[in-house]
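**Q** From the sequence below, what's the structure:
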Amino acid sequence: MSLQPILDDCGITISRYEPLHGGDINLAYCLHEKEEKYFLKINEESRYPAMFEKEAAGLQSLQANTILKVPAVIKHGIVNNQQYLLLEWIGSGSIKAGFWEGFGAGLAQLRLEKQEFFGWNTNNYIGSLTKIIRYFLRGIYFIQNAAFYH
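**A** Residues are numbered from 1 along each chain as shown. Prediction:
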């Protein structure tokens with residue numbers, strides 16, 4: 001598969017790319033552009049409709065509501081039935097002093113986000129499985145019915 005149509009759609013010129021491994025439904029690449037690096041995910045749009053549109057919305061919501069580092073969404077789209085998600089590259093590093101405290105504080109911050117229901121606001125995916133959203137009001141109804149949610 002040629003990456004060029006997707007790169008053209010993104011408006012970037014790369015010097016090289018490396019395939020990444022670890023997932024089973026998406027192709028993944030590290031793209032090198034002069035001094036920037038990007039993370040690119042690709043899959044068949046007909047198999048997973050709007051997957052990356054939904055993932056982009058989730059990442060943008062996380063980014064707006066936490067102090068945790070969340071990769072910036074550069075672009076997402078569809079080219080020749082191949083949907084893609086282009087993200088900021090976040091490299092690995094060593095854990096520094098205070099990391100876990102900051103991580104815990106970031107997770108706690110996410111829990112402070114108020115809404116009338118439990119869960120996300122639209123159907124989405126967990127891997128290749130479609131996650132159908134049923135709005136549970138917070139409280140007893142959720143506790144009584146969450147175990148039967150599928």
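
**Q** a strand runs through residue 93, doesn't it?
**A** No - under DSSP: H, G, I helix; E, B strand; the rest coil, residue 93 falls outside any strand and is assigned coil.

**Q** ok but residue 109 is inside a helix, no?
**A** Yes - assessed with three-state DSSP, residue 109 lies in a helix.

**Q** what's near enough to touch the residue nearest to residue 91 when sequence neighbours are not counted?
**A** Among residues not flanking residue 91 along the chain, residue 37 sits closest, at 7.5 Å (C-beta to C-beta, 6 or more residues apart in numbering). Where you see a C-beta, it was placed from the backbone N, CA and C, and this is true even at glycine. Going by C-beta atoms under 8 Å, 6 or more residues apart in numbering, residue 37 touches 30-31, 89, 91.

**Q** Count the residues that sit near the residue lying closest to residue 106 once chain neighbours are set aside.
**A** Of all residues not flanking residue 106 in the chain, residue 68 sits nearest, at 3.6 Å (C-beta to C-beta, 6+ apart). By other C-beta atoms under 10 Å, the residues close to residue 68 number 14.

**Q** Pull the residues that contact stretch 21-32.
**A** By C-beta under 8 Å, 6+ apart, the residues outside stretch 21-32 that reach it are 1, 3, 7, 12, 14-20, 37-43, 48, 86, 89, 127-128.

**Q** Show me how far it is from its chain's centre.
**A** 13 Å (C-alpha atoms, centre = their mean, to the nearest Å).

**Q** returning to what we had before: which pLDDT does the model give the residue nearest to residue 91?
**A** Listed pLDDT for residue 37 reads 96.

**Q** Let me know the distance separating residue 19 from residue 25.
**A** As for residue 19, its distance to residue 25 is 15 Å (criterion: C-beta to C-beta, to the nearest Å).

**Q** More neighbours: those two, which one.
**A** residue 25 (14 against 8).

**Q** That one and residue 54: what is the separation?
**A** Counting by C-beta to C-beta, the gap from residue 25 to residue 54 is 14 Å.
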